[in-house]
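**Student:** What would the 3D arrangement of this be:
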Amino acid sequence: MSRRVPALPARTARASRLRVLFAAAIAIAATAVSPAVAAEDGAPRTSVLLDTGWRFHAGDPPGVDGRLDYDVRPDVTQSADGKVADARPDAAVEVDTTRPVLKPWILPTANRFIADPAARHARPQHEPDTGEVPFLRADFDDRGWQQVTLPHDWAIAGPFIADGPYGGMGRLPSWGIGWYRRTLDVPASHQGRRVFLDVGGAMSYASVWLNGKLVGGWPYGYNSWRVDLTPYVQFGGRNQLAIRLDNPPESARWYPGGGLYRDVHLTITDPVHVTQWGTTVTTPQVSAEAATVHLAVAVDNTTDAPVRAQVETEFFELDAQGHPQGEAVARIPAVGFDIVAGGSTKATSRAQIASPRLWGPPPTQRPNLYLAVTTVRRGGRVVDRVETRFGIRDVQWDPDRGVIVNGEHIVLNGVNQHHDLGALGAAFNVRAAERQLEILRSMGVNAIRMAHNPPDTQLLELTDRMGFLVIDEVFDSWEKKKTPLDFHLVFPDWHEPDLRAMLRRDRNHPSVILWSVGNEVGEQYDGEAGAAIGRRLVRIVREEDPTRPATASMNWAKADMPFPAEFDVINLNYQGEGIRQEPEFEGTERIRTPPSYPAFRAAFPDKVIFGSETASSLSTRGTYLFPVTPLQSAPVRDHNGGGDSARQLVSAYELYAVDFGSSADKVFATLDRHPYVAGEFVWNGFDYLGEPTPYYSARSSYSGLIDLAGFPKDRFYLYQARWRPDLPMAHILPHWNWPGRDGEVTPVHVFTSGDEAELFLNGVSQGRKKKGPYQYRLRWDEVVYEPGELHVRVWRGGREWTEARVQTTGAPARLALEADRTAIGNDGRDLSFITLRVLDAQGRAIRNADSLVRFEIEGPATLVATDNGDPRDLTAFPSPERRAFSGMALAIVRAVPGQSGTVRVVARSEGLEPATVELRVGDDGEPR
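**Tutor:** Coordinates of the predicted model:
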């Protein structure tokens with residue numbers, strides 16, 4: 001018989017209050033009792049968010065001398081402060097076999113994700129020889145350590161490193177050793193239960209210690225993992241938890257962040273319980289009339305005797321806020337099974353859901369979600385209850401059309417996204433990620449490639465809820481290194497557990513449509529040997545999830561090589577448009593690749609092909625350089641108007657790209673000439689910290705369609721015109737403030753969803769132009785500058801469509817503030833992003849203003865960070881002072897946890913009228 005699920009509470013308390021999802025689902029204690037945490041009694045499963053009560057310290061105590069290292073690493077010379085002074089990537093590794101390392105004690109953490117029992121790792125019988133480590137002792141006085149709240153990125157506050165070769169990793173000190181300590185109070189009533197520590201992400205080489213004993217750990221900083229604390233817990237007493245991280249230098253091509261940068265939970269279960277990520281939901285048959293739902297539930301028995309258990313599941317619809325509603329729409333009756341002592345058994349069953357509400361990408365479909373509530377009983381007693389969110393959708397891969405979702409052809413209008421959140425760094429924040437997705441959605445994006453690592457699970461919850469299609473990617477390198485201390489060092493031991501862990505964690509997310517096992521790996525060059533590694537990884541994917549295809553992104557492998565044959569989908573990085581095809585690269589030793597979509601189509605006519613990285617166009621928002629190239633696409637050079645290396649600027653005319661890339665216009669033309677290509681994932685959506693091509697003295701990238709602060713570049717509107725063709729829009733560039741250019745040619749370009757336009761300068765027509773074949777912008781390249789107004793009138797299909805204006809502004813006179821949300825929650829995580837603009841006396845935005853601004857906060861909130869989107873700006877993110885860049889700056893504000901009231905954010909600049917915006921903070925908003 002169906003039962004009604006009570007409505008979920010409007011928000012979740014994180015301070016000293018229990019969050020109960022509902023009576024039949026998991027009870028989650030979200031207490032924040034510092035410095036200890038009390039778990040809930042009586043619930044079959046308790047998950048406690050360990051966000052507060054932490055102390056942090058950078059560096060090891062004296063005398064450790066490498067005894068706490070995971071393993072011996074290649075020789076990378078460092079200065080005393082931990083900064084790389086001289087990296088020697090090809091240096092031979094001299095292994096001191098007498099030096100103790102922790103690897104034998106860490107490896108067993110991976111056993112659950114190693115299929116072959118013979119390949120699993122036995123923990124040594126003795127404890128590691130670490131010597132005396134005061135940080136592990138319960139009586140160590142850590143009151144002098146920094147108090148931190150998780151998620152925590154230890155490097156993002158800076159200061160930036162202005163000098164030296166640190167641009168690739170964002171000029172922030174992310175490398176080094178860090179310790180986190182806090183206490184755990186586990187009630188005596190939990191004796192006999194299992195106690196797990198679930199870590200969403202720790203950067204990197206984590207080792208977990210409880211009461212002075214090494215529990216386990218995980219090297220890869222991007223994956224989620226679990227250690228079993230049970231053998232080391234003092235039930236009814238205070239337990240000292242310590243986590244050591246060892247983040248190597250030269251370990252990434254971008255900013256990795258450092259620390260416990262994702263959520264950490266304490267999970268307490270019965271000895272008989274659903275294993276970590278132990279439910280798998282698939283929907284093999286989907287129609288408008290009914291959907292068949294397959295459910296597999298893996299249940300562990302950690303007792304020393306065999307048990308018999310029963311599993312039953314009910315399915316509910318979720319509303320737009322993710323709350324269960326109404327009666328159960330389907331039910332799987334109790335299924336009984338036996339589990340041997342210390343073993344695990346998987347129970348499989350199926351159900352039918354009538355008239356299913358399908359999950360699909362907007363705007364033509366809706367991302368409807370369901371909830372499976374699974375109950376485990378033993379001897380009639382409920383011993384576990386878990387919830388699994390999922391979506392019902394049918395995804396087909398058609399080599400002639402591309403991706404078909406629920407019978408509808410969906411062109412992939414995608415972007416690549418790195419994991420940092422700009423001024424917030426790597427520390428994950430739901431609202432910051434949601435804001436990014438909202439901005440991308442407004443441009444017309446419907447797909448995200450997670451470059452180049454597993455994301456926070458909360459990001460996938462957002463893509464599920466908002467309806468984005470996702471490529472979930474696990475590795476940037478395999479056995480061959482890209483940087484001296486990257487993942488290649490642990491790939492032999494950890495590729496299987498890392499890949500299986502990602503697959504099990506993420507396989508119930510309906511937004512995930514494709515697994516990627518590698519990005520531009522060096523094994524592309526290795527013929528059959530490289531293909532064999534790809535084959536092994538694809539086999540693991542199929543063992544864990546046979547319902548989705550697997551791929552790897554290729555920037556070098558050619559159609560006639562063995563590497564691409566191993567993958568279900570052909571993902572090309574930049575090869576589709578061709579690499580370095582411009583005349584200036586002829587006769588050079590640089591890698592040059594002709595346009596490659598036709599060759600791959602001929603070699604793999606039965607496989608879907610798309611561009612997993614396209615364009616890599618470069619620009620700094622609002623900066624325009626001259627002359628403007630007449631070409632459709634050009635590399636960034638000082639002599640062609642693309643770059644200004646002295647000032648580290650790239651022209652925002654959006655015609656310039658990295659040497660191996662292409663302008664958006666060139667990519668669009670290539671896609672339109674090859675209609676079988678399923679779409680593209682632009683490199684990249686938002687600027688990100690690190691990899692600041694072409695100027696490595698900067699802090700952040702130039703390749704985003706949106707800058708690091710979240711402000712759209714001109715290129716944003718070029719993609720919006722293509723991806724949202726029914727939106728009447730026109731965007732004029734450049735700005736029209738050019739003192740000293742009177743009488744000089746100043747090209748004007750218009751990005752529009754229309755097909756024809758007429759441009760006027762001070763009322764005088766500059767000509768009417770119509771888009772021709774494979775043209776995506778309208779260009780008036782002979783306009784002679786004079787102050788005044790640019791006005792464009794746009795037609796589509798012969799009818800008036802829209803218009804736009806740009807005016808020469810006056811001098812800066814006042815500031816303006818606009819909050820993305822004026823009411824935020826006080827859970828300590830919700831944020832308001834406040835945009836500052838510099839205006840003239842008439843209230844017009846000055847798109848080239850650079851006023852120095854100071855932000856002030858009045859009321860129960862704090863200023864988390866400021867930014868302006870300028871990749872060259874090395875002002876520390878927490879600074880309340882920030883110079884406007886191209887007329888804009890950003891302030892990020894967070895409420896003081898538990899406090900309510902009105903917050904006034906004030907912006908001041910010398911000689912300008914200040915601006916104020918008010919926020920309401922309280923406990924009546926959705927938690928973030």
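**Student:** okay, Trp738: pLDDT?
**Tutor:** pLDDT, Trp738: 98.
**Student:** ok, so what distance separates the residue nearest to it when sequence neighbours are not counted from Glu744?
**Tutor:** Using C-beta to C-beta, 6 or more residues apart in numbering and skipping residues adjacent in sequence, the residue nearest Trp738 is Tyr785, 5.2 Å away. From N, CA and C alone the C-beta is placed, and that goes for glycine too. For Tyr785, the distance to Glu744 equals 6 Å [C-beta to C-beta, to the nearest Å].
**Student:** Give me the more crowded residue out of these two.
**Tutor:** Tyr785 (20 against 12; other C-beta atoms under 10 Å).
**Student:** related to what we said a few turns ago, which residues are common contacts for Tyr785 and Glu744?
**Tutor:** Taking C-beta atoms under 8 Å, 6 or more residues apart in numbering as the contact rule, Tyr785 and Glu744 both touch Trp738.
**Student:** Helices of the stretch 301-450 of the chain, start to end?
**Tutor:** With DSSP state H, counting those that start in this stretch as the criterion, the stretch 301-450 of the chain has helices at 430-443.
**Student:** try the stretch 451-600 of the chain
**Tutor:** Using DSSP H, counting those that start in this stretch, helices in the stretch 451-600 of the chain cover 457-466, 491-506, 528-544, 597-603.
**Student:** which helices and strands does the shortest one pack with?
**Tutor:** In terms of contacts (3 or more C-beta pairs under 8 Å, 6 or more residues apart in numbering; DSSP states H and E), helix 597-603 is packed against strand 570-573, strand 609-615.
**Student:** export those strands to JSON lines and tack on mean pLDDT, mean neighbour count and distance to Asp755?
**Tutor:** Shown next, in JSON lines, are these (pLDDT from 0 to 100; neighbours: other C-beta atoms under 10 Å; distance: least, C-beta to C-beta, whole Å):
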{"stretch": "strand 570-573", "mean pLDDT": "98", "mean neighbour count": "26", "distance to Asp755": "30"}
{"stretch": "strand 609-615", "mean pLDDT": "98", "mean neighbour count": "29", "distance to Asp755": "23"}
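**Student:** In JSON lines, list the helices of the stretch 451-600 of the chain along with mean neighbour count and mean pLDDT.
**Tutor:** Listed next are the helices of the stretch 451-600 of the chain as JSON lines, based on neighbours: other C-beta atoms under 10 Å; pLDDT from 0 to 100:
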{"stretch": "helix 457-466", "mean neighbour count": "20", "mean pLDDT": "98"}
{"stretch": "helix 491-506", "mean neighbour count": "21", "mean pLDDT": "98"}
{"stretch": "helix 528-544", "mean neighbour count": "18", "mean pLDDT": "98"}
{"stretch": "helix 597-603", "mean neighbour count": "17", "mean pLDDT": "98"}
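**Student:** Turn those into JSON lines, columns for distance to Asp163.
**Tutor:** Shown next, in JSON lines, are the helices of the stretch 451-600 of the chain (distance: least, C-beta to C-beta, whole Å):
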{"stretch": "helix 457-466", "distance to Asp163": "34"}
{"stretch": "helix 491-506", "distance to Asp163": "33"}
{"stretch": "helix 528-544", "distance to Asp163": "38"}
{"stretch": "helix 597-603", "distance to Asp163": "43"}
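**Student:** residue ranges with poor pLDDT in the stretch 801-928 of the chain?
**Tutor:** The model of the stretch 801-928 of the chain has pLDDT under 70 over residues 924-928.
**Student:** mind checking the backbone torsions on the residue of the chain most remote from its centre?
**Tutor:** Seen from the C-alpha centroid of the chain, the residue lying at the greatest distance (C-alpha atoms, centre = their mean) is Val764, 47.6 Å away. When read as degrees, to the nearest 10, the backbone of Val764 gives phi -100, psi 120.
**Student:** For it, report the pLDDT, please.
**Tutor:** On the pLDDT scale, Val764 is placed at 98.
**Student:** so what's it bridging to?
**Tutor:** Leu761 (DSSP bridges).
**Student:** State the distance from it to Glu789.
**Tutor:** Counting by C-beta to C-beta, the separation of Val764 from Glu789 is 11 Å.
**Student:** Parallel or antiparallel, which strands does the host helix or strand of Leu790 pair with?
**Tutor:** Under the criterion of DSSP states H and E, Leu790 resides in strand 789-796. Here strand 789-796 is paired, per DSSP bridges, with strand 756-761 (antiparallel), strand 799-807 (antiparallel).
**Student:** what sits up against the last one?
**Tutor:** With C-beta under 8 Å, 6+ apart as the test, strand 799-807 has contacts from 728-732, 735-736, 750, 752-754, 788-795, 844.
**Student:** try it again with 7 Å
**Tutor:** 728-732, 735-736, 754, 789-795, 844 (C-beta atoms under 7 Å, 6 or more residues apart in numbering).
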